[in-house]
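*Asks:* Generate a structure from the sequence data that follows.
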Amino acid sequence: MLSDVRPFMTFMDVEHSRSYIDDLYSSDPDKCLTSLICIKNSVIGSNRQKESVIAQGIVPRLVQLLKDRNRKAAIRLESVVTIGSLAKGTDDHVELLINCGTVPLLLDILEENDPLLIDACLCCLRTLSQQDNGRFRTSYSHIHLQKLLSFTEPEENILRQSCVASILSSLCKGAPEQNALSSAGAAQVLTNMLGICQTAVRIPTLTCLAAMAFENRTVAEEIANTTYKDSKVTTILARLLSRDKPIEMQLEAARCLTNLHRAGAIPSYDSVITFRTLPCLVRLCQIEHLTPHRAAAANTLAYLTEVDSELQQTTAISNQLIGALAELLNSNNVLAKQAAFRAYASLGANDEDIRKRIIETNRLLVGLDGDWDQHRHVRAFASLGANDEDIRKRIIETNRLMERVVDGLGDPNEGVRLAAIRCLHSLSRSVQQLRTTFQDHSVWRPLMALLTGSPPLELLSAASSTLCNLLLEFSPAKEPMLQQGAVQLLATLTTRSEPALRLNGVWALMNLAFQAEQRVKSQILTALGTDQIFRLLADSDTRILMKTLGLLRNLVSPRVHTDAMMTLHGPQVMQAVVLVLEGPHSPDVKEQALCILANIADGERAKDHIMANEDVLKKLTDYMTHPSTRLQTASIYCINNLIRQEEPGAAERQLRLREMGVVNILKQISTTPDSLLYEKVMAALVQFTEY
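*Replies:* Below you'll find the model as predicted:
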């Protein structure tokens with residue numbers, strides 16, 4: 001009688017007695033099975049009980065029992081079910097199970113013929129894959145993937161099909177897994193699975209297709225070209241966007257189509273994007289839906305519209321959307337707030353009118369504290385404001401938007417802070433708002449506070465990108481940020497190992513130097529130092545090199561600053577220009593270096609640095625005959641500045657250049673068909689002939 005009761009007793013007895021654990025190691029199969037059932041029942045729903053039995057070292061024994069094909073089928077089945085229950089515990093529990101080799105073992109058992117054991121192994125693999133945080137990605141060979149896909153055939157049961165779709169979607173964490181699934185034929189298999197009219201199968205299948213297509217053009221194009229019963233997968237996905245389908249299915253179908261579009265497999269003008277996906281996401285953002293669903297829709301909408309100005313404008317036509325996103329920010333759900341901010345940022349990125357509409361919308365921001373879904377709505381705002389000035393204006397003028405953004409910058413949740421910064425970055429593209437709303441709310445204060453801390457890399461990158469806009473010459477925030485140490489902060493960014501941070505640092509310094517006072521320019525050069533400037537000019541990232549040249553160009557202009565800057569830093573600037581002109585760079589890069597020389601030649605005394613440098617003069621004459629008309633034009637522009645007759649010493653400079661053959665070269669290229677080059681050539685010849 002006791003044996004009938006023991007399997008259903010609480011495991012408190014096991015914590016105080018090793019009898020059940022000892023029975024797990026018994027050679028008597030009945031005792032072993034009874035122990036397994038007791039352990040299984042005890043750990044269900046209790047992490048404390050899971051911790052207790054794991055601490056007593058049962059996992060290796062469970063793996064041993066499962067591996068032994070000579071054991072009773074019931075023992076192996078209870079072993080895998082118990083492992084599956086333990087896998088629903090903490091991250092440490094999952095890590096222990098994976099480290100004990102459960103995944104390869106479960107995959108090997110799939111080759112056996114016991115249907116119940118296979119079902120249990122698939123369920124266990126699904127649990128492990130869903131709980132895993134990145135340690136699961138190297139566990140599947142091509143053969144294993146093909147075996148898993150074989151369980152999706154029409155004759156297989158729904159449980160197996162659902163498990164496989166969930167396992168594969170969790171597995172797909174990057175390009176290696178995407179390509180491996182593609183090679184195993186997953187695109188066609190998953191498309192076929194969309195024909196199974198079971199929500200439990202369709203939703204994880206959609207999730208897997210979306211994961212496979214994410215930022216992988218080759219795989220996305222393969223998926224987009226698959227068919228099922230003469231219907232293209234995009235047509236099938238469009239049907240799943242219908243209102244009569246479960247909300248979760250609509251969301252996953254929309255995400256799948258969005259990822260196919262962003263990967264380049266579907267153009268933005270395709271009707272499945274403009275007339276099906278976009279309206280579906282806008283509809284699911286509305287207030288009548290549950291907050292988690294609205295958050296997911298806003299997040300996908302943000303990604304869909306992030307880089308396409310026409311999609312942003314089409315989306316922003318609906319004033320209801322901007323208001324719905326605003327209402328989401330009142331939620332206590334962190335992911336919702338993040339998604340709303342992100343959508344605003346995307347919509348307002350390219351159009352001032354959209355930015356204006358976003359800002360004007362009523363009831364946008366009431367509070368940024370909360371926890372789960374807020375970042376998705378923040379993200380949606382960011383996408384809405386990404387390219388349209390009108391959308392940005394609408395976002396910003398929404399009641400209390402900027403207060404919400406400022407609050408978001410100081411939110412304890414990192415995701416909300418990041419989403420708020422991205423929204424701020426999008427809205428900061430508005431010249432009008434930089435001069436008005438941004439100044440009214442002193443958004444630079446929390447931004448600088450964030451930057452001077454130790455923020456994570458992604459957050460630092462977004463914040464420094466925003467800083468680039470706040471330091472434009474017309475921005476009222478520039479001066480107070482200078483007083484708060486912006487120059488040194490940016491100079492430090494240029495020394496970071498991450499290219500994005502170096503780029504943002506030098507870009508912001510370039511903006512800061514434009515039409516700045518001489519004291520600010522000297523401060524920049526002092527903070528950077530000559531060695532760091534040379535390191536930036538030798539950077540392998542061409543974007544960083546171009547912005548560094550732009551910085552130097554701004555430092556030696558306008559003319560009223562040229563002489564003073566060259567008096568203080570002339571040798572270093574000239575050395576930097578020569579370094580670029582002698583390097584293996586593109587015409588775009590060398591054109592910038594020649595423009596710096598032209599700015600130097602514009603100075604009354606600064607031009608002496610060029611005339612005294614034989615090497616630079618020789619390079620100027622060489623570039624006058626360069627195959628690139630842009631380099632020819634830039635070099636002759638510099639020559640023009642050197643020979644202006646109304647300036648002191650012009651006769652001597654003209655004579656020196658005549659001796660170097662400059663006039664003859666000008667005459668040779670005076671027949672150029674390029675109108676701009678011809679204009680510069682003739683202007684130079686006129687200067688020479690007047691002496």
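
*Asks:* Spit out the contact partners of residue 272.
*Replies:* Neighbour list for residue 272: 234-235, 237-238, 257, 266 [criterion: Cβ atoms under 8 Å, 6 or more residues apart in numbering]. Yep, even glycine has a C-beta here, placed from its N, CA and C like the rest.

*Asks:* of the residues you listed, buried ones?
*Replies:* For those, a burial check counting by 16 or more other Cβ atoms under 10 Å picks out 234, 237-238, 257, 266.

*Asks:* Sitting in strands, which of the residues you listed do you find?
*Replies:* Among the buried ones among the contacts of residue 272, none falls in strands (DSSP state E).

*Asks:* between these, which is nearest residue 661?
*Replies:* Minimum distance to residue 661 across these is 58.1 Å, recorded for residue 266 (Cβ to Cβ).

*Asks:* Can you tell me which of the contacts of residue 272 is nearest residue 344?
*Replies:* For those, the nearest to residue 344 is residue 257 (22.1 Å; Cβ to Cβ).

*Asks:* Excluding residues flanking it in the chain, which one is nearest the closest one?
*Replies:* For residue 257, ignoring the flanking residues on the chain, the nearest one in space by Cβ to Cβ, 6 or more residues apart in numbering is residue 277 at 4.6 Å.

*Asks:* Of the buried ones among the contacts of residue 272, which is the nearest to residue 140?
*Replies:* The nearest member of the buried ones among the contacts of residue 272 to residue 140, counting by Cβ to Cβ, is residue 237 at 25.8 Å.

*Asks:* ok, the closest one to residue 530 distance?
*Replies:* Distance from residue 237 to residue 530, counting by Cβ to Cβ, to the nearest Å: 57 Å.

*Asks:* In CSV, list the C-alpha atoms belonging to whichever strand or helix holds residue 178.
*Replies:* Assigned by DSSP states H and E, residue 178 belongs to helix 175-183. Taking C-alpha atoms only, helix 175-183 is exported to CSV below (Å, rounded to 0.1, in the frame of the first residue of the first chain):
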residue,chain,number,x,y,z
ALA,A,175,23.8,34.0,-40.0
PRO,A,176,25.5,30.6,-39.3
GLU,A,177,22.3,29.1,-38.1
GLN,A,178,20.2,30.8,-40.9
ASN,A,179,22.5,29.5,-43.6
ALA,A,180,22.6,26.0,-42.0
LEU,A,181,18.8,25.8,-41.9
SER,A,182,18.7,27.0,-45.5
SER,A,183,21.1,24.3,-46.6
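
*Asks:* That one: which residues count as buried?
*Replies:* Per 16+ other Cβ under 10 Å, helix 175-183 contains these buried residues: 177-178, 180-182.

*Asks:* quick one: average confidence on the next helix or strand after that helix?
*Replies:* Using DSSP H and E, the helix or strand that follows helix 175-183 towards the C-terminus is helix 186-193. Averaging pLDDT along helix 186-193 gives 96.

*Asks:* got a list of contacts for the helix or strand just after helix 186-193?
*Replies:* Toward the C-terminus, helix 186-193 is succeeded by helix 199-213 as the next helix or strand (DSSP H and E). Applying Cβ under 8 Å, 6+ apart, the contact partners of helix 199-213 are 158, 161-162, 165-166, 168-169, 172-173, 178, 181-182, 186-187, 190-191, 193-194, 196, 219-220, 223, 233, 237, 240, 246, 248-249, 252-253, 255-256, 258-260, 263, 265.

*Asks:* For residue 54, see how far away the residue most central in space within the chain is.
*Replies:* Central residue of the chain (Cα atoms, centre = their mean): residue 458, 8.4 Å from the mean position. Distance of residue 458 to residue 54, given as Cβ to Cβ: 35 Å.

*Asks:* Then residue 463?
*Replies:* Between residue 463 and residue 54 the computed distance is 42 Å (Cβ to Cβ).

*Asks:* Could you do residue 40 as well?
*Replies:* Taking Cβ to Cβ, one finds residue 40 at 14 Å from residue 54.

*Asks:* ok, the residue nearest to residue 257 touching residue 259?
*Replies:* No: using Cβ atoms under 8 Å, residue 277 makes no contact with residue 259, being 10.6 Å away.

*Asks:* So between those two, which is more surrounded?
*Replies:* The residue with more neighbours, out of residue 277 and residue 259, is residue 277; 29 against 24, by other Cβ atoms under 10 Å.

*Asks:* can you map out the helices along the stretch 201-350 of the chain?
*Replies:* 217-224, 233-239, 247-262, 271, 278-284, 291-305, 309-316, 319-328, 334-347 (DSSP state H, counting those that start in this stretch).

*Asks:* about what we covered before: min pLDDT across the buried residues of helix 175-183, which one?
*Replies:* residue 177 (91).

*Asks:* Would you mind confirming that that one is in contact with residue 171?
*Replies:* Yes: at 5.6 Å, residue 177 and residue 171 qualify as touching, with contact defined as Cβ under 8 Å.

*Asks:* can you list the domains in this structure?
*Replies:* If you go by automatic domain parsing, the domain ranges for the chain are 1-138, 140-266, 285-407.

*Asks:* ranking these by burial, who's on top?
*Replies:* Comparing these by mean neighbour count (mean count of other Cβ atoms under 10 Å), domain 285-407 ranks first with a mean of 27.
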